[in-house]
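Chemist: quick one, what's the 3D model for this:
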Amino acid sequence: MTLHHHDESTPDARQRVRSEYESYPATLSNILASSSHVATSSSSRIVIHVIGASAEAELTRGLTEKNDTPDALVRDYADALVKLAERYGISDIELYFIGPDCTTFQMEQPLQTLDKKQLGTLHVTAIHGLYHEQAKALSTPDSVIMFQPGFTVPDYDWSDSLKCVRDCTPFLLISNTEMEAIADA
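Modeler: Now for the predicted structure:
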């Protein structure tokens, strides 16, 4: 992401950039909440694979502070996903981020409401690698998600990774614009 004609050191500019990056957790939560398969699931555990994850997108907090660590990022996802857990009675969410531009870490964070009621645990695993090389070692997903996959960009070849997604697995694509979504579909 590039800021045009903004001084990145000003609080307003930093907040605008941060809010764009923090929208990944909120978007993930909203898209899952509106997905019918979560509502009809009888399981108290869901597994989500985010394919093509990047340290510069899904795994960043924007213009990072010196003290930003993966645990701050995982807290952002837990805060965003707690409403989903509460709404559908989910006690465990396994969230896997897999991508060649991904950092590697594994963490857990309680899924806690604002009044400190613990609903369960968010388990986050980030893996540096290609999905088709990692998929067999991961828990079977209830949903597969891609943020701005760029299927129409010739530089990206997703065919091997897409072949790893089991039939009938809900596959959610998230794009920045309606035109990108139409092109990717």
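
Chemist: who are the contact partners of residue 97?
Modeler: 50, 53, 58, 59, 124, 125, 126, 127 (C-beta atoms under 8 Å, 6 or more residues apart in numbering). Where C-beta positions appear, they are placed from N, C-alpha and C, glycine not excepted.

Chemist: want to throw the residues you listed into JSON lines with secondary structure and distance to residue 114?
Modeler: Below are the contacts of residue 97 laid out as JSON lines (DSSP: H, G, I helix; E, B strand; the rest coil; distance: C-beta to C-beta, whole Å):
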{"residue": "50", "secondary structure": "strand", "distance to residue 114": "26"}
{"residue": "53", "secondary structure": "coil", "distance to residue 114": "28"}
{"residue": "58", "secondary structure": "coil", "distance to residue 114": "24"}
{"residue": "59", "secondary structure": "coil", "distance to residue 114": "25"}
{"residue": "124", "secondary structure": "strand", "distance to residue 114": "21"}
{"residue": "125", "secondary structure": "strand", "distance to residue 114": "26"}
{"residue": "126", "secondary structure": "strand", "distance to residue 114": "26"}
{"residue": "127", "secondary structure": "strand", "distance to residue 114": "31"}
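
Chemist: give me the sheet partners of the helix or strand hosting residue 93 and which way each runs.
Modeler: Using DSSP states H and E, the element containing residue 93 is strand 92-99. Here strand 92-99 has these sheet partners by DSSP bridges: strand 45-51 (parallel), strand 118-128 (parallel).

Chemist: what is the mean pLDDT for the shortest one?
Modeler: Confidence for strand 45-51, expressed as mean pLDDT, is 94.

Chemist: switch to numbering from 17
Modeler: Okay, using 17 as the starting number, the last item reads as strand 61-67.

Chemist: please save the CA atoms from it in CSV.
Modeler: Provided in CSV are the C-alpha atoms of strand 61-67 (Å, rounded to 0.1, in the frame of the first residue of the first chain):
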residue,chain,number,x,y,z
ARG,A,61,-15.4,-25.9,16.2
ILE,A,62,-14.6,-24.3,12.8
VAL,A,63,-11.5,-24.5,10.7
ILE,A,64,-10.7,-21.7,8.2
HIS,A,65,-7.8,-21.7,5.7
VAL,A,66,-6.8,-18.3,4.3
ILE,A,67,-4.9,-19.1,1.1
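
Chemist: quick one: buried residues of that strand?
Modeler: Under the neighbour-count criterion of 16 or more other C-beta atoms under 10 Å, strand 61-67 has 62, 63, 64, 65, 66, 67 buried.
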